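1. generate a structure from the sequence data that follows.
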Amino acid sequence: MKKIIILIVSVIFVGYYLNAKASQSSLNKETEVKTFSDIYYKLETSSVSIDEIIIGATEFALTMCADRAYQEVLGNSVQSCNKHFKMTKGTCASYLIKSSHRVYKDKTKVTLLAERFINCVS
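-> The predicted structure follows:
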């Protein structure tokens, strides 16, 4: 009985130790922003750069362009949306970079910047 209790306690301590180590290493990893939701995931642990906001917002805007039903409701086509996106992306990104800070931690400001970029390229 004593051995079983010691075994259970040992397993609990080892599990706790491994969990703490895994949590610590995952916090130290830099989150790479590839999608719109990655922006908010990264905001939970660190700040987000304006370039990362543009990357995430670009992915979201392209997803909206690819949605045929959504584009039809707007009176557009997928092709015209993609063409407009390609023509305006550089201008919209440079405007956002010039008029913004380099990094953000506030979710509200990040959302407003992402919306501004998406509206610009849409």
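2. packing partners of the host helix or strand of Cys92?
-> Counting by DSSP states H and E, the element that carries Cys92 is helix 78-98. Here helix 78-98 touches helix 50-66, helix 68-74, helix 107-121, going by 3 or more Cβ pairs under 8 Å, 6 or more residues apart in numbering; DSSP states H and E. For glycine as for every other residue, the C-beta is placed from the backbone atoms N, C-alpha and C.
3. can you show me the CA trace of that helix as CSV?
-> What follows is helix 78-98, C-alpha atoms only, in CSV (Å, rounded to 0.1, in the frame of the first residue of the first chain):
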residue,chain,number,x,y,z
VAL,A,78,-14.1,36.4,-57.1
GLN,A,79,-11.8,37.5,-59.9
SER,A,80,-12.7,41.2,-59.6
CYS,A,81,-12.1,41.1,-55.8
ASN,A,82,-8.7,39.4,-56.3
LYS,A,83,-7.8,41.9,-59.0
HIS,A,84,-8.8,44.9,-56.8
PHE,A,85,-6.9,43.3,-53.8
LYS,A,86,-3.7,43.0,-55.9
MET,A,87,-4.0,46.6,-57.1
THR,A,88,-4.6,48.1,-53.7
LYS,A,89,-2.6,46.0,-51.3
GLY,A,90,0.7,47.8,-51.6
THR,A,91,-0.9,51.2,-51.2
CYS,A,92,-3.0,50.2,-48.3
ALA,A,93,-0.1,48.5,-46.5
SER,A,94,2.2,51.5,-47.0
TYR,A,95,-0.4,53.9,-45.7
LEU,A,96,-1.0,51.8,-42.6
ILE,A,97,2.7,51.4,-41.9
LYS,A,98,3.3,55.2,-42.3
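4. who's in contact with the following helix or strand past it?
-> With elements assigned by DSSP H and E, the helix or strand that comes after helix 78-98 is strand 103-104. Residues from elsewhere that reach strand 103-104 (Cβ atoms under 8 Å, 6 or more residues apart in numbering): Ser47, Val48, Ser49, Ile50, Ile53, Val110, Leu113.
5. and the last one, what is it in contact with?
-> Taking Cβ under 8 Å, 6+ apart as the definition of contact, the neighbours of Leu113 are Ile50, Ile53, Ala57, Leu96, Ser100, Tyr104.
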